[in-house]
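# coords below, sequence missing:
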C-alpha cells in the first residue's frame, strides 16, 4: 500500500509516506478520509466503504484512498494537485482513468510514448522547443522519421505545444528528449510546471561527438537521472524505459509476449508505483524496482552493452529478461 | 570453419585466418594437411579422409584440420604450440580432450573455474603470487571463503604454483584475479608464458576505494579487457563470464536449466570459438559474440546494473537472458 511506504522524497516532505494509523489514530484517519473524498470529488457508492471517482470504471475501497488522506493531512498541495494525485493513484491501481500527460520531445521515443498513451485514452500534449518551426517541417529528420506534421496528421488526438505549455498541461511529464538536450528542455519546460509531478525520464546520456559507438557524457559516479532530480528537486523523477527501443518501450508484448524485464529508479515510492502502473498498461510484465535515483547509473551504463548487442544481433528488437 | 575466418589478430599475423584454398591451391593444401597431421600427432583411421588425435574420443575429418594446416604453413609457432592449438581446436569441436589450464587467482572465481575445469578432466594449475604464503593460510579470506589449503585438500587434482609456473603450464590461461590486480598478476605470470595462448579474462575493473557500490576504474572509452590485450599483445584475450556470479559461471544449468545468456569479446575468432566450446562444456546454452575486444566496455559497464539488481533481488543467483 502506498500510504505505508516511507523513505526518499516522500519521507522528506510528508506529502505521502505517512504511516497513517501510527500518526493519526483510526478516528482521525476516518475523518481525513471523508475530507479527502470530498476534496477530490469521490462520490459514495452503494457500499458504505466504497467510493468512486467520476472518471473511474471501478469503485475504490475507502482504505485505498489512504494516500490521498496523507495529501490532505499534510496540507502542502492545492486541491488540483491532489486531484491529479488521486487520478494517478487510481491509475496505479489499474483503473486507467484518463490523465493529462506531457511528452517532451518529438523524435521516435516521444512519438512512441505519445501515440501509445493517447491510444490508452490519456490526454496527451507533446512539447517542442519551437512549435512553428516544428510544424513547418516537410522533410524527414536525421533519423529518417517522417516530419512531425505528417505523424500528427495520423494522430489527431495528440496535440503539440511549447515545452512550457505541454508541461503545464501534464499531470505526468515524460522526458523523451535526447540526453544531451534534456536539461535545457526541462529548463524551458519550467521548474514550476514540473513541481510535484511525476517526471518519467527516458533519456540516455549518449555522446555522439566522438563517433560511433557513442560514449556516455555522465556515468559511474553520477547519472542523467540524478542530474535531472538535482536540478528539479520538486519533480518526482522516475528513470525507466531507457533500456529498450522505442517500439518495445510501449509495445513489449510484441517480443516474447512481454516475457522480459524493465527497470525503474527513483526516490519517491509513490511516483514509482504510478509509473509501474503505466508500464503494466503498456504491457510490461516484469518491472524491477532497482532502488533510488542513484540506481539510474546502472540502467544508463547498460547502454554500451545494449548498443553492442544491437550490432551483434543486427536488430534493436531485443530486450533482457532477468532470470532468477 | 575456423580456417575461413579472417579479421582481427588472426588476419594480422597470418597464423590463422588464411583462406587456404585461395592462397595455396588444393594440392598444396593436401600436402600441408599431411604435414600438419604428422607434426601434431594425428594418426590415420580406417577412413582415408579421417584422422584421430590420440587424446580424442572421435576422429576428425581431414578438412577440419585446416586451421592446423595454417599453423604449420605460417611457420611462426613451434610444434608444441601447434599441438596445443590442435587440442583447443578439438575442444572447440566438442571432443573434450584434456588440456593444461592455468587459473590465475585463488578467490571465489578462481576456485569455481579451477574446480569445474578439473571436474571436466582438464589438467589445472592455479597460480598465486606467493605459494608459501598462500599454503600457510589458516583463516578465511576477507570474503569469508575458507583458506585455500582447506579448499585444495578437497581437490587433490588441482595443483598450486606461482603465477609464472602456472601460466607456463597452461595451454589456456584464465585471469580470475580481481580487476585492480590483474595487470600486476599478468606481468608476474610473464608475457612469454602468455604468448600465443588463449587468455580468458573474467576480471571486472571494480574500484572499492570509495565505498559501496564500487565504481569502475576504467570504462566507456576503454576497458580492462582492452588494457590486458594492449599490454600482452601476443596473448589472445577473450573477455567472458564477468557478468555472472562465480557459481553460475561454471554451473549455468543450476538456473532455469541454463536458459540465459553469456557474452564473449575478443579480436581472435579462433580463440573465441575455443572459449565458446569451453562455455558449452560448462553448460552455457546461449553464448553471444559481441565482437572485438572493445566490446568488453559493454560487458564491464553492465556491472553497475548487475550490482543494483543483486541489491534489489537480494541474491546474486540471477542472470540475464537476451530475448530476441
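In hand now; what should we look at? Here the structure is a predicted model, which means the values were calculated and not measured.
# from now on I want contacts and neighbour counts done on CA atoms only, so please keep to that.
OK.
# host element of the residue nearest the centre of chain A?
Taking CA atoms, centre = their mean, the centroid of chain A lies closest to residue A:200, which sits 3.4 Å from it. If you go by DSSP states H and E, residue A:200 is part of strand A:198-201.
# report the next helix or strand after that strand in sequence order.
By DSSP H and E, the next helix or strand past strand A:198-201 is strand A:206-207.
# quick one: that following strand near chain B?
No - against chain B, strand A:206-207 shows no contacts by CA under 8 Å from any CA of the partner chain, the least distance being 10.7 Å.
# average pLDDT across that strand?
The average pLDDT for strand A:206-207 rounds to 98.
# what's the answer for stretch A:239-250, then?
Over the span of stretch A:239-250, the pLDDT mean works out to 98.
# so which bits of the stretch 201-324 of chain A are right by chain B?
A:215-216, A:220-221, A:255-256, A:260, A:288-291, A:295, A:297-299, A:301-306, A:308-309, A:311-312, A:317-324.
# hey, what's the residue nearest to the centre of chain A bridged with?
Residues in a beta bridge with residue A:200, per DSSP bridges, are residue A:174, residue A:238.
# I figured it hits residue A:238, correct?
Yes - between residue A:200 and residue A:238 there is a contact at 5.0 Å, judged by CA atoms under 8 Å.
# just to revisit the earlier point, centre of the chain versus the strand holding residue A:200, how much separation?
4 Å (CA atoms, centre = their mean, to the nearest Å).
# same thing with stretch A:107-120?
Its chain's C-alpha centre and that of stretch A:107-120 lie 12 Å apart, by CA atoms, centre = their mean.
# which parts of it are buried?
Within stretch A:107-120, the residues that count as buried by 16 or more other CA atoms under 10 Å in any protein chain shown are A:107-118, A:120.
# who's in contact with that stretch?
Stretch A:107-120 is contacted by residues A:103-104, A:123-126, A:145, A:155, A:157-158, A:176-177, A:246-247, A:249-250, A:281-282 when judged by CA atoms under 8 Å, 6 or more residues apart in numbering or on different chains.
# in helices only, show me those.
A:246, A:247, A:249, A:250, A:281, A:282 (DSSP state H).
# now the one helix or strand residue A:278 maps to: average pLDDT?
Secondary structure from DSSP H and E places residue A:278 in helix A:269-282. Confidence for helix A:269-282, expressed as mean pLDDT, is 92.
# next structured bit after that helix?
strand A:286-291.
# so which elements touch that following strand?
strand A:261-266, helix B:303-313 (3 or more CA pairs under 8 Å, 6 or more residues apart in numbering or on different chains; DSSP states H and E).
# Throw the ones you listed into JSON lines and include distance to residue A:192 and mean pLDDT, thanks.
JSON lines is the format used below for those (distance: least, CA to CA, whole Å; pLDDT from 0 to 100):
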{"stretch": "strand A:261-266", "distance to residue A:192": "20", "mean pLDDT": "98"}
{"stretch": "helix B:303-313", "distance to residue A:192": "32", "mean pLDDT": "98"}
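# please identify the deepest-packed of these.
strand A:261-266 (a mean of 26; mean count of other CA atoms under 10 Å in any protein chain shown).
# gap between that one and the chain center?
On the basis of CA atoms, centre = their mean, strand A:261-266 sits 11 Å off its chain's mean C-alpha point.
# now stretch A:198-209
14 Å.
# show me the shaky parts of the stretch 1-150 of chain A.
Counting by pLDDT under 70, the stretch 1-150 of chain A shows low-confidence ranges at A:1-97.
# do that again at 50, thanks
A:1-23, A:67, A:69-81 (pLDDT under 50).
# give me the nearest residue to residue A:310, chain neighbours excluded.
In space, and not counting its chain neighbours, residue A:310 is closest to residue A:316: 5.2 Å by CA to CA, 6 or more residues apart in numbering or on different chains.
# need the overlap of contacts for residue A:200 and residue A:238.
In terms of CA under 8 Å, 6+ apart, residue A:200 and residue A:238 are both contacted by the residues residue A:275.
# helix, strand, or coil at residue A:234?
Classification of residue A:234 by DSSP: H, G, I helix; E, B strand; the rest coil places it in coil.
# can you map out the helices along the stretch 51-200 of chain A?
All helices of the stretch 51-200 of chain A, identified by DSSP state H, counting those that start in this stretch, fall at A:66-74, A:79-92, A:108-119, A:131-135, A:148-153, A:163-169, A:182-189, A:191-194.
# of the residues of the stretch 201-324 of chain A next to chain B, buried ones?
The neighbour count (16+ other CA under 10 Å) marks A:215-216, A:220, A:260, A:288-291, A:295, A:297-299, A:301-306, A:308-309, A:317-323 as buried among these.
# what sits against the residue nearest to residue A:219 when sequence neighbours are not counted?
Setting aside the residues directly before and after it, residue A:219 is nearest to residue A:297 in space (CA to CA, 6+ apart), at 6.2 Å. Neighbouring residues of residue A:297 by CA under 8 Å, 6+ apart: A:219, A:220, A:221, A:222, A:223, A:224, A:225, B:304, B:305.
# quickly note the distance from residue A:135 to residue A:98.
27 Å (CA to CA, to the nearest Å).
# which SSE is residue A:321 in?
Judged by DSSP H and E, residue A:321 forms part of strand A:319-323.
# ok and that strand relative to strand A:286-291, angle-wise?
80 degrees (axes from the mean of the first three to the mean of the last three CA atoms, to 10 degrees).
# helices or strands up against strand A:319-323?
By 3+ CA pairs under 8 Å, 6+ apart, strand A:319-323 packs against strand A:261-266, strand B:319-323.
# report the contact partners of residue A:311.
Contacts for residue A:311 (CA under 8 Å, 6+ apart) come out as residue B:290.
# related to what we said a few turns ago, output the helices and strands packed on strand A:286-291 as CSV; include the columns distance to residue A:172.
Formatted as CSV, these follow (distance: least, CA to CA, whole Å):
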stretch, distance to residue A:172
strand A:261-266, 15
helix B:303-313, 26
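# out of the ones you listed, nearest to residue A:210?
Closest of the helices and strands packed on strand A:286-291 to residue A:210 is helix B:303-313, at 23.5 Å (criterion: CA to CA).
# and for residue A:314, the neighbour number?
By other CA atoms under 10 Å in any protein chain shown, the residues close to residue A:314 number 9.
# what about the nearest residue in space to residue A:178 that is not next to it in sequence, neighbour count?
In this structure, residue A:178 finds its nearest non-sequential neighbour in residue A:203, 5.7 Å apart by CA to CA, 6+ apart. By other CA under 10 Å, 24 other residues sit near residue A:203.
# I'd like the distance between residue A:204 and residue B:321.
From residue A:204 to residue B:321 the distance is 22 Å (CA to CA).
# can you give me phi and psi for the residue nearest to residue A:310?
phi -100, psi 10 (degrees, to the nearest 10).
# mind giving me the domain ranges of chain A?
Here the domain parsing of chain A from automatic domain parsing is A:2-96, A:100-313.
# residue B:229: which of the ones in helices among the contacts of stretch A:107-120 is nearest?
For those, the residue nearest residue B:229 by CA to CA is residue A:246; the value is 35.8 Å.
# ok, back up a step: hang on, the residue nearest to residue A:219 in a helix?
Yes - using three-state DSSP, the assignment for residue A:297 is a helix.
# residue contacts, the residue nearest to the centre of chain A?
A:172, A:173, A:174, A:175, A:237, A:238, A:239, A:240, A:275.
# which one of the residues you listed sits in the busiest neighbourhood?
residue A:239 (34 neighbours).
# out of the contacts of stretch A:107-120, which are buried?
Among the contacts of stretch A:107-120, those classed as buried by 16+ other CA under 10 Å are A:103-104, A:123-126, A:157-158, A:176-177, A:246-247, A:249-250, A:281-282.
# pull the most distant pair out of the residues you listed.
Using CA to CA, the buried ones among the contacts of stretch A:107-120 span at most 22.2 Å, a distance reached by A:177 and A:281.
# before we move on, back to that, show me which of residue A:135 and residue A:98 is the more surrounded one.
residue A:98 (18 against 15).
# the closest residue to that one other than its chain neighbours: neighbour count?
Distances taken as CA to CA, 6+ apart place residue A:122 nearest to residue A:98, at 4.5 Å, with adjacent residues excluded. The local packing of residue A:122 (other CA under 10 Å) involves 19 other residues.
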